[in-house]
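Chemist: With the input below, show me the fold.
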Amino acid sequence: PMISGRGLGHTGGTLDKLESIPGFRTDLSLKEYKNVLKKCGAVLIGQTKDIAPADKLIYALRDATATIESIPLITASIMSKKLAEGIDGLVLDVKTGSGAFMKNKKDAEKLAASLISTAKSFNKKVITFVTDMNQPLGNYIGNWLEVYESIEILKGEIKNDLYNLCIKLAGAMIFLGEKADSLSEGEKTAEEKIKDGSAFKKFMEIVKAQGGNSDFINNPGKYPESAYKKIIKSNINGYLKSVDTFNVGMAAVELGAGRLKKEDKVDPKAGIVFNYKIGDKINKGDVIAELFSDNKKSIFNVEKKFLNLVEISGNKVNPPKLVK
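Modeler: Below is the predicted model:
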């Protein structure tokens, strides 16, 4: 089972992404939750009045009280949901870098240690990874855009840093679930499940069980498009040196993909396609990013400032390690 939250600050929320699939319900009752879990072996929901109800209120207030980065509150938010799920084991991905709540590795390691000690105090098996967030993970930023990328990964059509991380996390979960004798064997099994189509088939099963329209999963090209699109081209030759990931996230929020206030509505179509990774060669005129929004003023504002969010160097740049 997976109990998730909504977009908070510059980060996208899993529920907002899932609800970009027309009809997909994340507000299942406890009975519905159990039925989907029994039928599919997996279920994806938000906090409810029955499951982690206090976290739903605290989660909404953290943005307004500037306590998003509080390690005790992050630990409480994550672990209250995980423990309420009735899990035996847990794999955690703790982000660090310019796009993470934990900007430096030391704070990320403190959060990881807090999560591990809490899990162990409840006798839960846990594996934690500290991973890089100094650039967008994958190439798509936005609710439906990220679902689309996930679909393509599950079909085996995309193999990027997001794919690699998914394999690592899934491999660890397979190992914790005692379906593999080692982490590497778990990763091999995860890759096989993508190759043989069973991972995509399972996702389709979950989407249907939770009321989602599977037509868009089978044919993502049918999804409605944003009213406005802008292309950001490089004005110099060089190598991508750095990305202001926090402000790229805030740019996506401005386009409509996230919330500035907790009552704001999100536009599932809005977002950014980011075409390069740190260390990649970029030529003048290459399309660094594509912007999508239904708001003409917002897309114009983001277009004006976007090139200031990336640094291109004349010297070769080593790509960062994904897993720290």
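Chemist: so what's Lys179 up against?
Modeler: For Lys179, the contact set (CB atoms under 8 Å, 6 or more residues apart in numbering) comprises Gly186, Thr189. Where C-beta positions appear, they are placed from N, C-alpha and C, glycine not excepted.
Chemist: now Gly256
Modeler: Counted by CB under 8 Å, 6+ apart, Gly256 has contacts Val266, Asp267, Lys269, Ala270, Ser293, Asp294, Asn295, Ser298.
Chemist: Can you tell me which of those is nearest Ser150?
Modeler: Lys269 (15.9 Å; CB to CB).
Chemist: can you tell me how far that closest one sits from Leu255?
Modeler: Lys269 sits 9 Å away from Leu255, going by CB to CB, to the nearest Å.
Chemist: Touching both of those two, which residues are there?
Modeler: Residues within reach of Lys269 and of Leu255 at once, by CB under 8 Å, 6+ apart, are Gly142, Phe292.
Chemist: what about these two, which has more around it?
Modeler: Each of Lys269 and Leu255 has its neighbours counted (other CB atoms under 10 Å); Leu255 has more, 27 against 21.
Chemist: And the more buried one, what's its pLDDT?
Modeler: At Leu255, the model reports a pLDDT of 97.
Chemist: Can I take it that it is in a helix?
Modeler: Yes. Leu255 forms part of a helix when assessed by DSSP: H, G, I helix; E, B strand; the rest coil.
Chemist: my guess is it meets Lys297, correct?
Modeler: No. If you go by CB atoms under 8 Å, Leu255 and Lys297 don't touch, sitting 10.7 Å apart.
Chemist: who touches stretch 208-215?
Modeler: With CB under 8 Å, 6+ apart as the contact definition, stretch 208-215 has outside contacts at 18, 21-26, 28, 36, 39-40, 43-44, 204, 207, 222.
Chemist: ok, now which ones touch the residue lying closest to Gly212 once chain neighbours are set aside?
Modeler: Of all residues not flanking Gly212 in the chain, Phe24 sits nearest, at 3.6 Å (CB to CB, 6 or more residues apart in numbering). Shown in contact with Phe24 (CB under 8 Å, 6+ apart): Leu18, Val207, Gln210, Gly211, Gly212, Asn213.
Chemist: From these, which land in helices?
Modeler: When the contacts of Phe24 are checked against helices (DSSP state H), the matches are Leu18, Val207.
Chemist: Give the PyMOL command for selecting the buried subset of the contacts of Phe24.
Modeler: Remark: buried members of the contacts of Phe24, expressed as a PyMOL selection using 16 or more other CB atoms under 10 Å:
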select buried, resi 18+207+210+212
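Chemist: List just the nearest of the contacts of Phe24 to Ser313.
Modeler: Distance to Ser313, by CB to CB, is smallest for Leu18 among the contacts of Phe24, at 37.9 Å.
Chemist: Checking the residue lying closest to the closest one once chain neighbours are set aside next. Helix, strand or coil?
Modeler: Nearest non-adjacent residue to Leu18, counting by CB to CB, 6+ apart: Phe24, 5.2 Å away. Under the three-state scheme (three-state DSSP), Phe24 adopts coil.
Chemist: Need the pLDDT of Phe24.
Modeler: pLDDT, Phe24: 97.
Chemist: and the gap between it and Ile206?
Modeler: Look at Phe24 and Ile206: by CB to CB, they are 9 Å apart.
Chemist: just Thr26 next, same as before
Modeler: 11 Å.
Chemist: shared neighbours, those two?
Modeler: The contact sets of Thr26 and Ile206 overlap at Leu44 (CB under 8 Å, 6+ apart).
Chemist: For Val130, see how far away Ile231 is.
Modeler: Going from Ile231 to Val130 by CB to CB gives 35 Å.
Chemist: Which residue of those two possesses the greater neighbour count?
Modeler: Neighbours per residue (other CB under 10 Å) separate Ile231 from Val130, with Val130 holding more: 19 against 11.
Chemist: and that one, that's in a strand?
Modeler: Yes. Counting by three-state DSSP, Val130 is found in a strand.
Chemist: In contact with the closest residue to it other than its chain neighbours, which residues?
Modeler: Of all residues not flanking Val130 in the chain, Lys324 sits nearest, at 4.3 Å (CB to CB, 6+ apart). The contact partners of Lys324, by CB under 8 Å, 6+ apart, come to Thr96, Lys105, Ala108, Val130, Thr131, Asp132.
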